[in-house]
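1. got a structure for you, letters missing:
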């Protein structure tokens, strides 16, 4: 190890007369080793924490599920209160959800943030009267609160960005005031077990099946657009959406003893009926490659089922069965089925016209009007000539029934 005089630097002269040089690179090597050991220790600590979390989760999983189900019952919106809104109607909901989904995708927020923001929106609308011009403002405030609650801090949208997405319809202070008013109305109870939180519990055994996870997200987000699913608990909706996703993708159903097998058959049927008309924004979102093209998969699945339904309802070919001939001796003893004559009756090689009182064409309702005489190619069917005493009575019937036929 060589020693030399201190070198001059921008920090001034060194107080020591001897400065240790690193010509052999020993200090750099030791620093690199310490950094590598620190990274390995951090990685081992993380693995140990995950293993302890798994063991703890297995031990307290039932208690966790019970607490989540209790919390979801405490933070469910009231659909009947939303029904009595004076200006906000249910047909406005899909337009606002399309906007929130686009904003959620643009800021790359977590799936749990979208479900939480919709829950905050519905809970606020069930407790406060919302004007139509402030409906979008409430949705933006709910998205902002949900992003601050559980998403990454570097992805939380700013007020300026939300204002730009709303085309400067609201001022900066309006976003802050609405955010505070939503929190005050909900008594600062933001935590709500969402569909994604219950889905994590249901997909513990299939964590690597990303296509199944994306398909369940697609079905769950589609349910947000419809009123009938607002009152459905997230735990039931998550298991029902997962069951429908497994049917679409051909995945095996879970065992009856698992928590994920407790789906609602009526909810699954309702979700399947709404697959035919999803939102265009939602279809565009889930047609991307990073979400496994699940929207295209659903479209192909529905087309196959439509083709199978058409084949099932098609008229099957008639099979002619050959019956055994009846013996001649038993012809008169066997029951006989009456048959109609094949084809219309023919006289002199032409169709026999129906008999009418005035030898008119069948179905002609223009009584009392001048009739056009058509040349007869064949002699008409002989009809009985009415007597002179019956003529006035016949004319009376024609005059009486003529208005009714014309009408």
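-> Yep, it's here. As the structure is a computational prediction, the values presented were derived from the model and not from experiment. Numbering: from 1, shown residues only.
2. mind listing what residue 176 touches?
-> By C-beta atoms under 8 Å, 6 or more residues apart in numbering, the contact set of residue 176 is residue 159. Using the backbone N, CA and C atoms, a C-beta is placed for each residue, glycine as well.
3. part of a strand, is it?
-> No - assigned with DSSP: H, G, I helix; E, B strand; the rest coil, residue 176 falls outside any strand and is helix.
4. what about it, distance to residue 136?
-> Counting by C-beta to C-beta, to the nearest Å, the separation of residue 176 from residue 136 is 16 Å.
5. One more: residue 247?
-> Distance, residue 247 to residue 136, by C-beta to C-beta: 36 Å.
6. What of residue 39?
-> To residue 136, residue 39 is 47 Å away according to C-beta to C-beta.
7. Same check on residue 239?
-> From residue 239 across to residue 136, the span is 32 Å (C-beta to C-beta).
8. what about the two, which has more around it?
-> residue 239 (27 against 19; other C-beta atoms under 10 Å).
9. Quick one, grab the pLDDT at the more buried one.
-> pLDDT, residue 239: 91.
10. That one contacts residue 262, correct?
-> Yes - at 5.8 Å, residue 239 and residue 262 qualify as touching, with contact defined as C-beta atoms under 8 Å.
11. Correct me if wrong, but residue 208 is in a strand.
-> No - going by three-state DSSP, the assignment for residue 208 is coil, not a strand.
12. How much space separates it from residue 25?
-> Distance of residue 208 to residue 25, computed by C-beta to C-beta: 44 Å.
13. Kindly report the same for residue 171.
-> Per C-beta to C-beta, residue 171 is found 60 Å from residue 25.
14. got it, and residue 59?
-> Separation of residue 59 from residue 25 (C-beta to C-beta): 51 Å.
15. Run through the helices of the chain in chain order.
-> With helices called from DSSP state H, the chain shows them at 26-74, 79-83, 93-106, 111-125, 135-150, 159-165, 172-185, 195-202, 210-223, 234-249, 265-273, 280-285, 294-313, 391-406.
16. of the ones you listed, which approaches residue 258 most closely?
-> helix 195-202 (8.1 Å; C-beta to C-beta).
17. Which strands or helices does that closest one pack on?
-> Using 3 or more C-beta pairs under 8 Å, 6 or more residues apart in numbering; DSSP states H and E as the contact criterion, the elements in contact with helix 195-202 are helix 26-74, helix 111-125, helix 210-223, helix 234-249.
18. So what touches that helix?
-> By C-beta under 8 Å, 6+ apart, helix 195-202 touches 61, 64-65, 68, 110-112, 115, 213, 216-217, 220, 234-235, 237-239, 241-242, 254, 259-260.
19. Spit out the contact partners of the residue nearest to residue 175 when sequence neighbours are not counted.
-> Using C-beta to C-beta, 6 or more residues apart in numbering and skipping residues adjacent in sequence, the residue nearest residue 175 is residue 159, 4.8 Å away. Residue 159 makes contact with 144, 172, 175, 176, according to C-beta under 8 Å, 6+ apart.
20. If you rank these by neighbours, which is first?
-> Highest neighbour count within the contacts of residue 159: residue 144, with 24 neighbours (other C-beta under 10 Å).
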